[in-house]
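Participant: I would like the atomic coordinates for the input below:
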Amino acid sequence: MQQYGEQGLDKARDAANDATGDKFSDQVDQGHGAASDALGFGDKGGDQGDDKRN
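Facilitator: You can find the predicted model right below:
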């Protein structure tokens, strides 16, 4: 179940970055990390997401 939640957050982050042309990528990444932490996914969210986008 956690895997699907993380995938959803990653897709939402990617969609937000695509929609804004990465103009707000720092803020989007902060929101991704905060949501990941709030959902109990720990600090895995922010670091892994950066690797997937690059």
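
Participant: hang on, Gln2 packs against Leu9?
Facilitator: No. Between Gln2 and Leu9 there is no contact under CB atoms under 8 Å: 10.6 Å. Glycine gets a C-beta too; all of them are placed from N, C-alpha and C.

Participant: ok, the two, which is more surrounded?
Facilitator: Neighbours were counted for Gln2 and for Leu9 using other CB atoms under 10 Å; Leu9 has more, 19 against 11.

Participant: Which element, helix or strand, includes that one?
Facilitator: Per DSSP states H and E: Leu9 is located in helix 2-20.

Participant: Give the residue spans of this protein that score low on pLDDT.
Facilitator: Counting by pLDDT under 70, the chain shows low-confidence ranges at 43-54.

Participant: Please repeat the previous calculation with a cut-off of 50.
Facilitator: 45-54 (pLDDT under 50).

Participant: Point me to the residue sitting closest to the centre of it.
Facilitator: Per CA atoms, centre = their mean, the C-alpha nearest to the average position across the chain is that of His32, at 3.8 Å.

Participant: Check the gap between the spatially closest residue to Gln2 that is not a sequence neighbour and Leu9 for me.
Facilitator: Spatial nearest neighbour of Gln2, excluding adjacent residues (CB to CB, 6 or more residues apart in numbering): Phe41 at 6.1 Å. Using CB to CB, to the nearest Å, we find Phe41 at a distance of 8 Å from Leu9.

Participant: what does Gly31 give?
Facilitator: 9 Å.

Participant: Val28 contacts Asp10, doesn't it?
Facilitator: No. Here Val28 lies out of contact with Asp10, judged by CB under 8 Å, at a distance of 11.2 Å.
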